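K.L.:
I would like the atomic coordinates for the input below:
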Amino acid sequence: MVNKDFFKALQDLEAEKKIDADTFIQTLETALTSAYKKMYGEAKSAMVKLYPERSTIRIYSYKTVVDADEPEDPDKQISLKEAKLLKKSYKVGDIVAVEETTKDFGRIAAQTAKQVVMQKLREMERQTAISELSEKEDELLTTVVKRVDGDTVYVQIAGTNTEGVMMKNDQIPGDKFNVGDRVKVYVKKIKDSFKGPQIQVSRSNIGFVRKLFELEIPEVASGEVKIKNIARDPGNRAKVAVFTEKANVDAIGACVGNRGIRINTIINELNGEKIDLVEYSDDPLEYIARALSPAKVLSVETNDSLNMSQVIVPDDKLSLAIGKGGQNVRLAAKLTGWKIDVKPESFMKPTQTEKTETEYELTELSDDTSFDMSDLEELEPIEEDSVSDEDKE
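P.N.:
Reported below is the predicted structural model:
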């Protein structure tokens, strides 16, 4: 059977690995009981009990007392005559605990105990790792590229034996990595798996931009300047709404820094991604107008029930307000939480025969932007005979 050295090892594990002894003993008893049943029959109603204080293991089988000289099920029943030999007070229906003496179970018990100890250690190490890593979630870390496998980059998390995984969609377009490179990443998610804790890191997440602002701008880190929201098209453009409750603090100026040094440091880390700093306002009309920067806005009207807004811009600023591929107005909608319908100034003039309307709904940045050109009036077809030879040339 298991000797004293085994129980001494359990005490050492409890001290070194912070394993709860009672929980560990219960787990081991369950495993040994299962091993015993596999060896001597599943039908047995048996239980293995550990007594660390005496450094012993006992095996008991539980049988019901029956009024018969020869029980029908010897694994689960004991005759009243046999039971009274153990204890005179036993009567029919009582449960008798009979200690089993097995010479061969010692080797099986030792092997099972070793397996349980190793499994428990792995579980404890995994739980400890997850607990330590959970503190790093939603944080900005400087890591070292460990390996690159196709489009997937694996980085070493400092102070741990765990890798961070950065998938293709978590990288900024234009990112290039080589083994040994030091790279800043945002810890997006930590999850457990049968292979151990997995850390998902990102550079395309809006959390990466937020943490860069906290790192490079002291007023943001201290809370003097607060970030209301961020909308981002990774690698191309981001809009960051900031505000302050301090009368003597310029939120935009604090983010820009002396000669733009602060914002430029962030832009460089983002591979040249443009950043529009927007001063947040509780007034949705003003907030929407500012969010469409750098375009000039003439007027804004909102419909609260539909969560929609209509924005009028100068005709020559329409394309600027919309942005390439609808990027500017799409980010503005994401930033403010309002659907934005952009119209040129000429749309408001009743004499105008042509008007252009583009409506952008608040969608995910990955959604395709659609253009509603239903307001364009059909043009009269030009007859070929009316075109001069000079015009044709």
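
K.L.:
make it CA atoms for all contacts and neighbour counts henceforth
P.N.:
OK.

K.L.:
for stretch 313-329, buried residues please.
P.N.:
Residues of stretch 313-329 classed as buried: 313-314, 317-323, 326-329 (neighbour count, 16 or more other C-alpha atoms under 10 Å).

K.L.:
over to stretch 153-172?
P.N.:
Buried residues in stretch 153-172, counted by 16+ other C-alpha under 10 Å: 153-157, 162-167, 170-172.

K.L.:
could you give me the average pLDDT of it?
P.N.:
Across stretch 153-172, the average pLDDT comes to 89.

K.L.:
quick check: end-to-end length of it?
P.N.:
12 Å (C-alpha to C-alpha, to the nearest Å).

K.L.:
run through who's touching that stretch.
P.N.:
Stretch 153-172 has contacts (C-alpha atoms under 8 Å, 6 or more residues apart in numbering) with 141-148, 151-152, 177, 197-205, 234-235, 270-271.

K.L.:
how about stretch 290-305 as PDB, C-alpha atoms only?
P.N.:
Coordinates of each C-alpha in stretch 290-305 appear next as PDB, following Å, rounded to 0.1, in the frame of the first residue of the first chain:
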ATOM      1  CA  ARG A 290     -17.700  68.100 -35.000                       C
ATOM      2  CA  ALA A 291     -17.600  64.400 -35.800                       C
ATOM      3  CA  LEU A 292     -17.700  65.100 -39.500                       C
ATOM      4  CA  SER A 293     -14.400  67.100 -39.300                       C
ATOM      5  CA  PRO A 294     -12.500  68.100 -41.400                       C
ATOM      6  CA  ALA A 295     -15.700  68.900 -43.400                       C
ATOM      7  CA  LYS A 296     -17.500  72.200 -42.800                       C
ATOM      8  CA  VAL A 297     -21.100  71.700 -41.700                       C
ATOM      9  CA  LEU A 298     -23.800  74.300 -42.300                       C
ATOM     10  CA  SER A 299     -26.700  72.800 -40.300                       C
ATOM     11  CA  VAL A 300     -27.700  69.600 -38.500                       C
ATOM     12  CA  GLU A 301     -31.300  68.400 -37.700                       C
ATOM     13  CA  THR A 302     -32.100  65.300 -35.700                       C
ATOM     14  CA  ASN A 303     -35.000  62.900 -35.300                       C
ATOM     15  CA  ASP A 304     -34.800  61.400 -31.900                       C
ATOM     16  CA  SER A 305     -37.400  58.700 -32.500                       C
END
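
K.L.:
that stretch: how far from the chain's middle?
P.N.:
Between the centre of stretch 290-305 and the centre of its chain there are 34 Å (C-alpha atoms, centre = their mean, to the nearest Å).

K.L.:
what sits up against it?
P.N.:
For stretch 290-305, the surrounding residues in contact (C-alpha under 8 Å, 6+ apart) are 239, 276, 278-279, 285-286, 288-289, 308-314, 317-318, 320-321, 328-329, 332, 335-336, 345.

K.L.:
those in helices, which ones?
P.N.:
285-286, 288-289, 318, 320-321, 328-329, 332, 335-336 (DSSP state H).

K.L.:
for the residue positioned nearest the centre of the chain, list each beta-bridge partner.
P.N.:
Central residue of the chain (C-alpha atoms, centre = their mean): residue 189, 2.8 Å from the mean position. When bridges are called by DSSP bridges, residue 189 pairs up with residue 200.

K.L.:
so it sits right up against residue 200, yeah?
P.N.:
Yes. Applying C-alpha atoms under 8 Å as the test, residue 189 and residue 200 come out as touching, 5.1 Å apart.

K.L.:
how about the secondary structure of the residue nearest to residue 320 when sequence neighbours are not counted?
P.N.:
Using C-alpha to C-alpha, 6 or more residues apart in numbering and skipping the chain neighbours, the partner closest in space to residue 320 is residue 295 (5.6 Å). Secondary structure of residue 295, reduced to three states by DSSP: H, G, I helix; E, B strand; the rest coil: coil.

K.L.:
numbering from 26 from now on, please.
P.N.:
Okay, residue one is now 26; in that scheme the one you just asked about reads as residue 320.

K.L.:
any idea how far residue 165 is from residue 320?
P.N.:
From residue 320 across to residue 165, the span is 33 Å (C-alpha to C-alpha).

K.L.:
likewise residue 214?
P.N.:
For residue 214, the distance to residue 165 equals 12 Å [C-alpha to C-alpha].

K.L.:
residue 217 too?
P.N.:
Here the criterion is C-alpha to C-alpha. By it, residue 217 lies 20 Å from residue 165.

K.L.:
who has more neighbours out of the two?
P.N.:
residue 165 (23 against 13; other C-alpha atoms under 10 Å).

K.L.:
bridging across strands, which residues link to that one?
P.N.:
With beta bridges defined as DSSP bridges, residue 165 has these partners: residue 211.

K.L.:
I'd guessed it sits against residue 213; true?
P.N.:
No. Residue 165 lies out of contact with residue 213 (C-alpha under 8 Å); the separation is 9.4 Å.

K.L.:
wait, a strand at residue 52?
P.N.:
No. According to three-state DSSP, residue 52 belongs to no strand; its state is helix.
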